Structures are given as structure tokens and as C-alpha cells.
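**Q** Fold the following for me, if possible:
(4 chains)
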Protein chains: 2
Amino acid sequence: MTLAEEADAADRRKSGGVYERLREDIVAGLLAPGQKIKPKQYAPRYAASAAAIREALLRLAAEGFVESAPQRGFRTLKPSAESVWEIAHFRILIESEGARLSILNGGVDWEANLTAAHHRLSHLEARMRGEALNREQLRYWSGCDQIFHVALIAACGSNRILDQHRAIFDQFKQHVIVQDPLLGYRGEDLVEEHGAILTAALDRDPAACAAALRSHFETYRRFSDATMTW
Amino acid sequence: MTLAEEADAADRRKSGGVYERLREDIVAGLLAPGQKIKPKQYAPRYAASAAAIREALLRLAAEGFVESAPQRGFRTLKPSAESVWEIAHFRILIESEGARLSILNGGVDWEANLTAAHHRLSHLEARMRGEALNREQLRYWSGCDQIFHVALIAACGSNRILDQHRAIFDQFKQHVIVQDPLLGYRGEDLVEEHGAILTAALDRDPAACAAALRSHFETYRRFSDATMTW
DNA sequence: ATTATTTGGAATTTCGAAATTTTCCCTTAT
DNA sequence: ATAAGGGAAAATTTCGAAATTCCAAATAAT
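**A** A predicted model of the protein is given here:
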């Protein structure tokens, strides 16, 4: 191990747990779909023992980011038409309910945060318009998108819904956003769709908000169906 | 089945089932709420090493049955007014959506299974009427109740919804059904409520089904508020 | 030629103990 | 008497290796 690698490893050991880093790498698509994850093999990469990797993988399996069969180890999930549909469907369910509750409970602070997140996002999306995204830009846009969608449900008052949303949102990223197909997407409809969601939320209209979310996902579905071969 | 296979299965039941047995015991309320679970202490009870217990607890923590803080071990969750409300709310959300999808996708087989489960349940509930339940009877009724509610969403077509429902249903049991307060419940309204859910499902009316589920839970809430001190 | 069995190697899981962190109690000082 | 500090005991987490299980290639049998 070189000096640079040693410093890097020490830095990572200090910065955070194996679980968080492994989770990020899986969500970001650094590990190919369906790829097997052998704890001992990945131990040096995360500067931890095989047992520590295994422990992180157990948690990730329970949350649905990797699959695990007894005596058969772990592997990342391979996206399929069914799994993507199930994930999108579940995210709509959670996010619509979170938005509905936020509309009920949210105050001015919620509206302000949501508006701010939307402002940053729509500014970015307007600049993006018509340009094909590379991987780096896609990651940045994805972060802004997530901040907006989290802000939408932030005032729901249920920790369970917030936790579930974080899990399902990241699985959505893992399965559709980060995969190649969206790299070519030019985001023509995004500004209008996010605007519709914001308007419905500020109008305190849960049904309109849910409808806006459904059509938002319809865009993903159309694009995925057109480009993915599965 | 050969002798070797039989021995193998028996062996697995014993050693590999730590997670399942621990889960059952927690859901059944055998471990007091808020109680600390020290792996080494429970190792003899489950005929496994401390590491095996710890592994099971990690999975259960990720699923929401126990809480775990770094360097601070595991403990069962203590029900509170907020946690019970969040769990009930989330279960209504999942179960209503599962019922809605089953109404869309379900065929005669779904209707038949649901009707059968309801028949057994209502027969039991009619006999229960007016009699205070002891712990054993409560456990039996709870099993029939679960079979009915699972049958309701069985045709939803989404493994994710089925898995989430199993998790949230068992947490509901852990937090409200198994706790003492419901021991005195005489189930006056149960027959009518389960009947309303069945009727709405067979009428293929998702909105009525969701409404019936909400009022079903309203009964739990009223009874819990009246008897629990938190 | 195809299917079944054996066998060697690799991977997963389990285990007991070491290393680290927390908790609790006792001492000391204000 | 209360609060702060120190230190021992207990508990949690980590680790490396042993034991078990799976996979696949090679051999044997139909």
C-alpha cells in the first residue's frame, strides 16, 4: 500500500462508518448491478475487516439495497422492469402521503424551505434545458432534486415516513437515476413538473399534489421504457 | 426426504433460526418494552453464540423492531403515544394501497381466500363477543386477524408492499395488540368492522375500503387512549 | 452422449477472545 | 452536601481463524 493510499484509508476510517460509505457507493452505482460482494475482497477498499463489511451488508440487505441468501453471500440488486415499477410505485405512495401530511401540518417555515429548494432546482433545470447530461452533472442535479422532494415531505410529522422516504428515494436512484439510460435525458419536462408539484403544495391541495407526482414519475417511466432493454 | 436431508433441516432449524425466534419473541412481547438485550446474556436461551444473536439484532434493528445506538447496544422499543400513532398511520397507508391494488388486480381466487379468512375470523369473533380475553385467546385471535388482513392485500402484485405490510403489521402487534391494555377488550365492534372491510373489497370500492380500515383503527385508538397511561 | 457422484478449492458463517468504549462507584475538593 | 474527577468493571464492537457449506470441475455410471 502506498503512502497516499494509507492516508486515504486512515482518512476514511476517521470520517465515517463502513455502512455509510458502502451505502453511498451502492446508491451511486459504483458497484455494478447484480455484482457479488465478497466481504474479504472489499475489506482493503474500506480499510476494515471482513466482519465489519459483512455487518454493513446485513443492514443494507434488511433495507433492500442488496440481496442476501443464506450461505450464498450478498449481491447488489439487478434492476428489472418489475423492480423499477415497484420502487417507483412505492415512492409515489410514500411521497404523496408525506406531502399530504405536510400540507396539513406545515407552516410558513415549511413553505419557505420548499420554495427555496424549488428555486435552486428550477434554476439549474432551466440551465440544463436541451443539453445532454454527463455523469457528473447528473449527480449534481440528482442531489438538488432530492433536496426538493425531501423538503416537500419535511413537515409530515412522522419519522417513519421520513425514514422510509429516504430509503425508497435512494433505491430509486440506485435503480433508475444513476443507470446509463438517464444520461441522455435532456430534462425537457422537469421544470414544468416540479413547478406543478410546488404549486399544488402551496395551494394546499393534496390531490393535485399526488397527481403531479404521478405524472412526474410517468416521465421517468416513459423514458426508461424507451431506452432500457432490461 | 433422506436421513441426511432430515438432519440437515433439523440442524438449520436450530442454528439458522435465531433471527426468526428472536423476532417472534419480541413481537409476542416476551421481552419487556425498553428492555436491554445483551447478546452474551441471551446466547444460552437461543443456543447460539453472542455473535449470532448480535447478527439477528442488527437485522431486527434495520427493520424497526429494536433500536440500536452505536457503542450502546440494543433494546426493545418502548411504545409511546407518538410511536403507536405513527405505526397505525403507516399500516393504514400500506394496507389501503394493498387493498386498492388487490381490488384492481385480484380475481376470483383472491375473493375466495378473503371470504374464507373472513368467515373463520367472524365466527371466532362472534363467539368472543362479550367475553374478556386472556393472553392465549388474544394470541389466537390475533393470528386469525392477521390472516384476514394479509388476504386483503394478497393480490396487490407488489412484493414490496407485502413485505412492508408484514413488518408494519408485526410492529403493530408488538406495540398495541400484545400489550396488556387490549387484554380486557371485548371486541364489540370487530365483527361489524371486518364485515365492512370485506364488503367494500368485494364491491371493488377502494375508497370505501380505505374508510373502513381507518374506522377499524379508530377503534384501537379509542381503546388505547382510554386504557393506556403511556 | 447424458446424467449422476465424487472431490478439491473457494466462500460464507460461526466462534472465542482482544481492544475499545461506556458505565458506575468511590474518592476528593469546593 | 454537592459536584467533579479518576479508575475499575462491564459491555459493545472488532478481529483473525476455524468450521461448515457451497460451487464446479472431473470422474464414474447409465
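**Q** Pull out the buried residues from stretch A:202-209.
**A** Buried residues in stretch A:202-209, counting neighbours by 16 or more other Cβ atoms under 10 Å in any protein chain shown, are found at A:206, A:209. Every residue, glycine included, has its C-beta placed from N, CA and C.
**Q** and it, does that touch chain B?
**A** No. Figure legend: stretch A:202-209 not in contact with chain B (Cβ under 8 Å from any Cβ of the partner chain); closest approach 12.3 Å.
**Q** just stretch A:100-117 next, same as before
**A** No. Contact of stretch A:100-117 with chain B (Cβ under 8 Å from any Cβ) is absent, the minimum separation being 8.6 Å.
**Q** tell me which residues in that stretch are buried?
**A** A:100, A:101, A:102, A:103, A:106, A:110, A:111, A:113, A:114, A:117.
**Q** Going by residue numbers, what spans are helices in chain A?
**A** Along chain A, counting by DSSP state H, helices occupy A:3-15, A:18-27, A:39-42, A:50-63, A:81-105, A:108-128, A:135-153, A:159-172, A:190-202, A:206-227.
**Q** where's residue A:164 relative to residue A:225, distance?
**A** In this view, residue A:164 and residue A:225 are 26 Å apart by Cβ to Cβ, to the nearest Å.
**Q** what is the residue nearest to residue A:60 when sequence neighbours are not counted paired to in the beta sheet?
**A** Using Cβ to Cβ, 6 or more residues apart in numbering or on different chains and skipping the chain neighbours, the partner closest in space to residue A:60 is residue A:66 (4.9 Å). Here residue A:66 sits in beta bridges with residue A:76, going by DSSP bridges.
**Q** What is the burial count for residue A:66?
**A** Around residue A:66 there are 25 other residues, counting by other Cβ atoms under 10 Å in any protein chain shown.
**Q** Look up the pLDDT of it for me, please.
**A** pLDDT recorded at residue A:66 is 94.
**Q** Please list the residues of chain A that sit near chain B.
**A** A:55, A:58-59, A:61-64, A:70, A:86-87, A:89-90, A:93, A:97, A:158-161, A:164.
**Q** so which of the residues you listed also contact DNA strand C?
**A** Among those, the residues lying close to DNA strand C (Cβ under 7 Å from any atom of the strand) are residue A:70.
**Q** Return the residues in contact with the residue positioned nearest the centre of chain A.
**A** Taking Cα atoms, centre = their mean, the centroid of chain A lies closest to residue A:170, which sits 2.8 Å from it. Counting by Cβ atoms under 8 Å, 6 or more residues apart in numbering or on different chains, residue A:170 makes contact with A:23, A:27, A:65.
**Q** gap between the second one and residue B:204?
**A** In this structure, residue A:27 and residue B:204 are 39 Å apart, going by Cβ to Cβ.
**Q** quick one on the thing from earlier: and the contacts of residue A:170 as TSV, adding neighbour count?
**A** What follows is these, written out as TSV (neighbours: other Cβ atoms under 10 Å in any protein chain shown):
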residue	neighbour count
A:23	19
A:27	21
A:65	20
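**Q** First residue to last residue on stretch A:125-140, what's the distance there?
**A** Start and end residues of stretch A:125-140 are separated by 11 Å (Cα to Cα, to the nearest Å).
**Q** tell me the mean pLDDT over that stretch?
**A** In this model, stretch A:125-140 has a mean pLDDT of 80.
**Q** What parts of chain A come near DNA strand D?
**A** Proximity of chain A to DNA strand D, by Cβ under 7 Å from any atom of the strand, involves residues A:17, A:48, A:49, A:50, A:51, A:52, A:55, A:70, A:71, A:72.
**Q** try 6 Å
**A** Taking Cβ under 6 Å from any atom of the strand as the contact definition, chain A meets DNA strand D at A:48, A:49, A:51, A:52, A:55, A:71, A:72.
**Q** In PyMOL, select just the buried ones from these.
**A** Buried residues among the residues of chain A next to DNA strand D (16+ other Cβ under 10 Å), as a PyMOL selection:
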select buried, chain A and resi 48+52+55
